[in-house]
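Asks: dropping the sequence and predicted coords here.
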2 protein chains.
Amino acid sequence: MIDPFNESIGIIAAILTTSAFIPQVYKIYKEKKAQGVSLTMYLIMLVGVLLWLVYGVLIGSIAIILANSVTAVLQLLVIIFKLKN
Amino acid sequence: MIDPFNESIGIIAAILTTSAFIPQVYKIYKEKKAQGVSLTMYLIMLVGVLLWLVYGVLIGSIAIILANSVTAVLQLLVIIFKLKN
């Protein structure tokens, strides 16, 4: 169990870094293209994010689980957009 | 102290998600512009990454410290490129 004070710092960090990613995903969706960033790169990131998720579960970090489950969904959306275009 | 097995999963995750960010930074450097992503967004992300760093230190996670110190430097580079152009 992680100390609640520490966990709250992690959760604020998670909200900031994850929400900063949302406009990018929206832009890719709106423009129907993910400029400059390759599919391979997104797949590597997705594997990384899923491993972070495993790590978060193993060490019992709510912040890591929260950040990376949301990011995994966003990454999956980007990959779907890429594959459809 | 986090279990070494768990920590190694976190470190692999850190390497994957951080290295996937490097080509993007290189592209911004080469093209001297960070298309579509606003300075505000990068500043929010930088604050988030620095909070992750604090969180990593507090819970003693080498993976989080590693990932977010490298990412903080990359984010700073992007912000400098943005400000110079």
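Replies: Received it, and whenever you're ready, just let me know what you need. Numbers count the residues shown, from 1 in each chain, chains lettered A, B, ... in the order given.

Asks: which positions in chain A make contact with chain B?
Replies: For chain A, the contact set with chain B under CB under 8 Å from any CB of the partner chain comprises A:2-3, A:6, A:9-10, A:12-17, A:19-20, A:23-24, A:27, A:35-38, A:41-42, A:44-45, A:47-49, A:51-52, A:54-55, A:58-59, A:61, A:63-64. C-beta: built from backbone N, CA, C; applies to glycine.

Asks: could you identify the helix or strand that succeeds the one helix or strand A:Phe5 maps to?
Replies: Assessed by DSSP states H and E, A:Phe5 sits inside helix A:4-19. Toward the C-terminus, helix A:4-19 is succeeded by helix A:22-31 as the next helix or strand (DSSP H and E).

Asks: pLDDT of that following helix, averaged?
Replies: Helix A:22-31 shows a mean pLDDT of 81.

Asks: the strand or helix carrying A:Val49 packs against which elements?
Replies: In this structure, A:Val49 is located in helix A:39-59 according to DSSP H and E. Packing partners of helix A:39-59 (3 or more CB pairs under 8 Å, 6 or more residues apart in numbering or on different chains; DSSP states H and E): helix A:62-84, helix B:4-19.

Asks: might you report the residue contacts of A:Ile11?
Replies: By CB atoms under 8 Å, 6 or more residues apart in numbering or on different chains, the residues touching A:Ile11 are A:62-63, A:66.

Asks: most neighbours, which of these?
Replies: A:Ala63 (24 neighbours; other CB atoms under 10 Å in any protein chain shown).

Asks: which helix or strand in chain A has the lowest average pLDDT?
Replies: helix A:22-31 (a mean of 81; mean pLDDT, DSSP states H and E).

Asks: and that one with helix B:39-59, angle?
Replies: 140 degrees (axes from the mean of the first three to the mean of the last three CA atoms, to 10 degrees).

Asks: against which helices or strands is helix A:22-31 packed?
Replies: Helices and strands touching helix A:22-31, by 3+ CB pairs under 8 Å, 6+ apart, are helix A:62-84.

Asks: how far out from the middle of the chain is the helix it packs on?
Replies: 5 Å (CA atoms, centre = their mean, to the nearest Å).

Asks: CA atoms of it as PDB?
Replies: What follows is helix A:62-84, C-alpha atoms only, in PDB (Å, rounded to 0.1, in the frame of the first residue of the first chain):
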ATOM      1  CA  ILE A  62      -3.400   3.600  -8.200                       C
ATOM      2  CA  ALA A  63      -1.800   6.600 -10.000                       C
ATOM      3  CA  ILE A  64       0.100   4.300 -12.400                       C
ATOM      4  CA  ILE A  65      -2.900   2.100 -13.000                       C
ATOM      5  CA  LEU A  66      -5.100   5.100 -13.600                       C
ATOM      6  CA  ALA A  67      -2.700   6.900 -16.000                       C
ATOM      7  CA  ASN A  68      -1.900   3.900 -18.000                       C
ATOM      8  CA  SER A  69      -5.300   2.400 -18.400                       C
ATOM      9  CA  VAL A  70      -6.600   5.700 -19.800                       C
ATOM     10  CA  THR A  71      -3.500   6.100 -22.000                       C
ATOM     11  CA  ALA A  72      -3.900   2.500 -23.300                       C
ATOM     12  CA  VAL A  73      -7.400   3.300 -24.500                       C
ATOM     13  CA  LEU A  74      -6.200   6.600 -26.100                       C
ATOM     14  CA  GLN A  75      -3.300   4.800 -27.800                       C
ATOM     15  CA  LEU A  76      -5.700   2.100 -29.100                       C
ATOM     16  CA  LEU A  77      -8.000   4.800 -30.500                       C
ATOM     17  CA  VAL A  78      -5.000   6.400 -32.400                       C
ATOM     18  CA  ILE A  79      -3.900   3.000 -33.700                       C
ATOM     19  CA  ILE A  80      -7.500   2.300 -35.000                       C
ATOM     20  CA  PHE A  81      -7.500   5.800 -36.700                       C
ATOM     21  CA  LYS A  82      -4.100   5.000 -38.300                       C
ATOM     22  CA  LEU A  83      -5.300   1.600 -39.500                       C
ATOM     23  CA  LYS A  84      -8.500   3.000 -41.000                       C
END
